[in-house]
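A.B. asks: Any chance you can model this:
(2 chains)
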Amino acid sequence: MSTDDVLLEELPSLSRLYVSAASTAARTKLGALERPLVLPPARHTVEDVRVSLEHVTRFQHLLHGTVRDSLPSVFVHSAAFPVGMSILARTDFPLPLLGMVHLGNRVRHLRSIHFSEPLAITAWADNLAGHYAGTQVDLHVTVSSAGKPVWEGVSTYLAKGVFLPGLDKQTRPPREDFVPPRPTATWRLGPEAGREYAGVSGDFNPIHLSSLSARVLGLKRSIAHGMYLASRVLTSIESVAAEKFEWDIRFAAPVFLPATVAVRIEDEEAGGRWGASCFVGWGERSHRKHFQGTARAL
Amino acid sequence: MASTPASPAAEGIRKAVVVGGNRTPFARANGAYAQASNQDMLTAALDGLVARFGLADERIGEVAAGAVLKHSRDFNLTREAVLGSALAPTTPAYDLQQACATGLETVMGLANKIKLGQIESAIAGGVDSASDAPIAVSEGLRAVLLELNRAKTLKQKAAAVAKLRPKDLAPVAPGTAEPRTGLSMGEHQALTTAAWEISRAAQDELALASHRNLAAAYERGFFDDLVTPYRGLTRDGNLRADTSLEKLGALQPVFGRSLGDKATMTAGNSTPLTDGASAVLIGSEDFARSRDLPMLASIVDAEAAAVDFVHGKEGLLMAPAYAVPRLLARHQLTFEDFDFIEIHEAFAGTVLCHLSAWESEEFCRNKLGLDAALGKIDPSKINVAGSSLAAGHPFAATGGRIVATLAKLLHEQAVSEGRRGRGLISVCAAGGMGVVAILEAC
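C.D. replies: Numbers count the residues shown, from 1 in each chain, chains lettered A, B, ... in the order given. Sure, this is the predicted structure:
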């Protein structure tokens, strides 16, 4: 390990990370702290992470999945999430954690992962880049078992309204016309959908919990977790997908709760087997696109 | 596509014949049968059949029936109905559940037992009540109650109760939504109807024909020995003998409203939620002859199919479009070889989509692997005594209604024209399934 590699003793507590991020934000605002303009070259690792079977089961139940011994791909993301968050919450991280917008994910699910496997989780950030609405960054997470990577993910976040010197401001791409296709499913999400997903993912970001807590952060109502949407759509795909697959999702308009989301999943065959699934989700009434992505056999 | 097994050898397998049928009139939900349970209605259908064919205190080979909307306490629904009926209490029974194909599948399972010589006689049936539907506690309350049951100490019990949330106290009623898609059956069919570009007018015409045919069949006394009045109802409560294209055309779409002006499915061209029960007496030829009972039609063969609708590869209710050609191929028959075609009218759009699929060269080549289109069915052969749009559709009772109706139609034709006609039955079911069957006049 180089000097920038940090071995954490255990998974950081997400609620403590949110509190420390709030304090960092306050101190920055008061001028007591200055954010650097570059990413810290740090990698955080936690070893021997054990997943609780009861926790996986609650996750599978909430996402309408089958109770299986292998981990859902988005569950692995949520298990590793605190390590990634500990990078974003560093006081030397150039972007404020609170209010960050989740733009999308790319994941390579390299093999079926049994719930009993001890996992090593490493996270780091790169690709600090200009975005028309602010600055974006990639957060990388690698999950390994017995010394070999089993899951690799990249989450892209946007710090809205933050423009760092030296990064080109991108021009806003023209808004694409979205014509909803015929749905293959609809999801009815109640106002409690955010709290329920927080309960199984540990992501208690206030924008997901209630209208009140969301309004404090400037949203009109609470919004569904992007990873809830990803997981819900993957639940329907993982049952037909290959053991080794990659998937990606790009988030568009947020899903304000409660909501009825229409979804279309379209499969492609390759040599008589599942090859890929393309998916898109939109507001059943608003016709605004919420997310789009693909899953593909590796 | 899996290959279809060769036609079963005629020799060595004896015939199973339809002796007759009985059903309650079908009632619209929360109407005449609102206070009657599935067991009550199934018992009524059995007792009517017993009275019609003099089966009181008889031991029947086996009774099979089922319900789609079923209370967990009704784990032995059919046996309990037998015990409450005039049949001998030594008559065994079993429950079967295959969504809307339940009724037809009970006929097929029992007919196969008769053909193999395991039993001489059988009663196949089905029942459903949308009024007396099972209501369950929420998943949250259920989890707490089960945990409470497992808890040993007071502390564990308190911890379980502490997990209860106010919203957990709301009860859960069964819906018609497909578990994997969240879309109701009507919404699924609306998508299929739009994909096949089935017009509103065509659907309303089919609904009108269903009402006219059912009314005419009642008028000529066709149902006199197929239906026994129950709880004040003598005809199907949904039947509108005086409906018209104007009345049907005035109804607003209820399904597929997100399609905007392409929405075509109304309460008039979709089946309503209905309560009712049906039963069919079948037996070997020896059984019928020895008791001097009629033999209306022989139960020839059946085929089940299923489609992958979850990611939209096929419409939810399109499985019969695949089952029928497989069954026809096994018997080397075409639509021309049939005198009557009974296609369960889950929605008018369902029937019209199946007909369009069989007429479509593209569908028959690409989806069915045939050389050409299966062909057009003469509309005058379809649902000639009415079907579910007019009669209603108590899910598991529909198969028995159709089998008894078709057997009687074939028998009438055999008597009047002196020839053995042939009939086809097609029933679609939830979960992307379909069951189809062939009957032949005796």
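A.B. asks: Name the residues of chain B found near chain A, please.
C.D. replies: Within chain B, the positions lying close to chain A (Cβ under 8 Å from any Cβ of the partner chain) are B:139, B:167, B:180-183, B:187, B:191, B:194-195, B:258, B:309-313. C-beta: built from backbone N, CA, C; applies to glycine.
A.B. asks: are any of those residues buried, and which?
C.D. replies: By the neighbour-count criterion of 16 or more other Cβ atoms under 10 Å in any protein chain shown, the residues of chain B next to chain A include these buried positions: B:180-183, B:187, B:191, B:194, B:258, B:309-312.
A.B. asks: Identify the farthest-apart pair in the residues you listed.
C.D. replies: Of all pairs drawn from those, the greatest distance, 20.7 Å, lies between B:180 and B:194 (Cβ to Cβ).
A.B. asks: show me the contacts for residue A:92.
C.D. replies: Contact partners of residue A:92, counting by Cβ atoms under 8 Å, 6 or more residues apart in numbering or on different chains, are A:35-36, A:40.
A.B. asks: same check, this time on residue B:339
C.D. replies: By Cβ under 8 Å, 6+ apart, the contact set of residue B:339 is B:381, B:410, B:413, B:421-423.
A.B. asks: Domain-wise, how is chain A divided?
C.D. replies: Residue ranges for the structural domains of chain A, counted by automatic domain parsing, are given in the record as A:1-173, A:175-298.
A.B. asks: In a markdown table, list the ones you listed along with mean pLDDT.
C.D. replies: Formatted as a markdown table, the domains of chain A follow (pLDDT from 0 to 100):
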| stretch | mean pLDDT |
| --- | --- |
| domain A:1-173 | 91 |
| domain A:175-298 | 93 |
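A.B. asks: Of all the ones you listed, which one comes closest to residue B:55?
C.D. replies: The stretch from the domains of chain A with the least distance to residue B:55 (Cβ to Cβ) is domain A:1-173; that distance is 45.5 Å.
A.B. asks: From the chain's centroid, how far away is that closest one?
C.D. replies: Taking the mean of its C-alpha atoms, domain A:1-173 sits 8 Å from the chain's own mean (Cα atoms, centre = their mean, to the nearest Å).
A.B. asks: Same check on stretch B:118-132?
C.D. replies: In terms of Cα atoms, centre = their mean, the centre of stretch B:118-132 is found 11 Å from the chain centre.
A.B. asks: Repeat that for stretch A:231-241.
C.D. replies: 16 Å.
A.B. asks: Stretch B:198-205 too?
C.D. replies: Counting by Cα atoms, centre = their mean, stretch B:198-205 comes out at 23 Å from the chain centroid.
A.B. asks: got it, and stretch B:19-28?
C.D. replies: The chain centroid and the centroid of stretch B:19-28 are separated by 12 Å under Cα atoms, centre = their mean.
A.B. asks: Looks like residue B:190 contacts residue B:256 (just checking).
C.D. replies: Yes - the pair residue B:190 and residue B:256 qualifies as a contact (Cβ atoms under 8 Å) at a distance of 2.6 Å.
A.B. asks: residues shared between the contacts of those two?
C.D. replies: Residues within reach of residue B:190 and of residue B:256 at once, by Cβ under 8 Å, 6+ apart, are B:263-265.
A.B. asks: domain ranges for chain B?
C.D. replies: What automatic domain parsing lists as the domains of chain B is B:139-169, B:185-220+B:300-441.
A.B. asks: from the chain's centre, how far out does the first one sit?
C.D. replies: Relative to its parent chain, domain B:139-169 has a centroid offset of 40 Å by Cα atoms, centre = their mean.
A.B. asks: Likewise for stretch B:301-308?
C.D. replies: Mean C-alpha position of stretch B:301-308 versus that of the full chain (Cα atoms, centre = their mean) differs by 14 Å.
A.B. asks: Spatially nearest residue to the residue nearest to the spatial centre of chain A, not counting backbone neighbours?
C.D. replies: Ranked by distance to the mean C-alpha position of chain A (Cα atoms, centre = their mean), the top residue is residue A:227 at 4.9 Å. When the adjacent residues along the chain are set aside, residue A:227 lies closest to residue A:74, with 5.5 Å between them (Cβ to Cβ, 6 or more residues apart in numbering or on different chains).
A.B. asks: so how far is chain B from that neighbour?
C.D. replies: When distance is defined by Cβ to the nearest Cβ, to the nearest Å, residue A:74 is 18 Å away from chain B.
A.B. asks: Not counting its neighbours along the chain, what's nearest the residue in the stretch 101-250 of chain B positioned nearest to chain A?
C.D. replies: Closest approach between the stretch 101-250 of chain B and chain A, counting by Cβ to the nearest Cβ: residue B:181, at 4.1 Å. Leaving out its chain neighbours, the residue that sits closest to residue B:181 by Cβ to Cβ, 6+ apart is residue A:185, at 4.1 Å.
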